[in-house]
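Trainee: Dropping a prediction and its sequence here:
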Amino acid sequence: SPLRCLSLQEVGPTMVGDEHSDPSLMSFLGATKRNMLGNHFWEYYVNDAPRVVLNKLESCGYRVVSMTGVGQTLVWCLHKE
């Protein structure tokens, strides 16, 4: 199963995917697709806090593999069996 990496902040909005993410998973999370001015890529985000997103992902079989901080951003890597 693929390893999913999410860039998340302590409070919403939470970035949950890019233009190549699974549309059905993005729909399950209630994510909106957007392109920020100056970026050459699309991203999916939700207004939920990371803990809400992580709980939703856990409910469909994802597990946290690792977590780290990058500047003021927190990144969780998840895996689905």
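Mentor: Sure, I can see it. As the structure is a computational prediction, the values presented were derived from the model and not from experiment.
Trainee: C-alpha from now on. contacts and neighbour counts both.
Mentor: Will do.
Trainee: For the chain, just list every one of the helices.
Mentor: Shown for the chain, the helices assigned by DSSP state H span residues 23-29, 50-59.
Trainee: Out of the ones you listed, which one sits most buried?
Mentor: Ranked by mean neighbour count, the helices of the chain are led by helix 50-59 with a mean of 16 (mean count of other Cα atoms under 10 Å).
Trainee: then that helix to CSV, C-alphas only?
Mentor: The C-alpha trace of helix 50-59 is given here as CSV (Å, rounded to 0.1, in the frame of the first residue of the first chain):
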residue,chain,number,x,y,z
PRO,A,50,-4.9,18.0,12.0
ARG,A,51,-6.2,15.8,14.8
VAL,A,52,-9.6,15.7,13.1
VAL,A,53,-8.0,14.7,9.8
LEU,A,54,-5.8,12.1,11.4
ASN,A,55,-8.9,10.6,13.2
LYS,A,56,-10.8,10.4,9.8
LEU,A,57,-7.8,8.7,8.2
GLU,A,58,-7.4,6.3,11.1
SER,A,59,-11.1,5.3,10.6
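Trainee: Do me a favour and get the end-to-end distance for stretch 41-48?
Mentor: From its first residue to its last, stretch 41-48 covers 22 Å (Cα to Cα, to the nearest Å).
Trainee: Same question for stretch 42-59.
Mentor: Using Cα to Cα, the gap from the first to the last residue of stretch 42-59 comes to 26 Å.
Trainee: one step back: in JSON lines: the helices of the chain, plus distance to Cys77 and mean pLDDT.
Mentor: Output for the helices of the chain, formatted as JSON lines (distance: least, Cα to Cα, whole Å; pLDDT from 0 to 100):
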{"stretch": "helix 23-29", "distance to Cys77": "16", "mean pLDDT": "96"}
{"stretch": "helix 50-59", "distance to Cys77": "10", "mean pLDDT": "93"}
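Trainee: I'd like those helices laid out as a markdown table, including distance to Trp76.
Mentor: Shown next, in a markdown table, are the helices of the chain (distance: least, Cα to Cα, whole Å):
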| stretch | distance to Trp76 |
| --- | --- |
| helix 23-29 | 16 |
| helix 50-59 | 9 |
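Trainee: Good, we can wrap up now.
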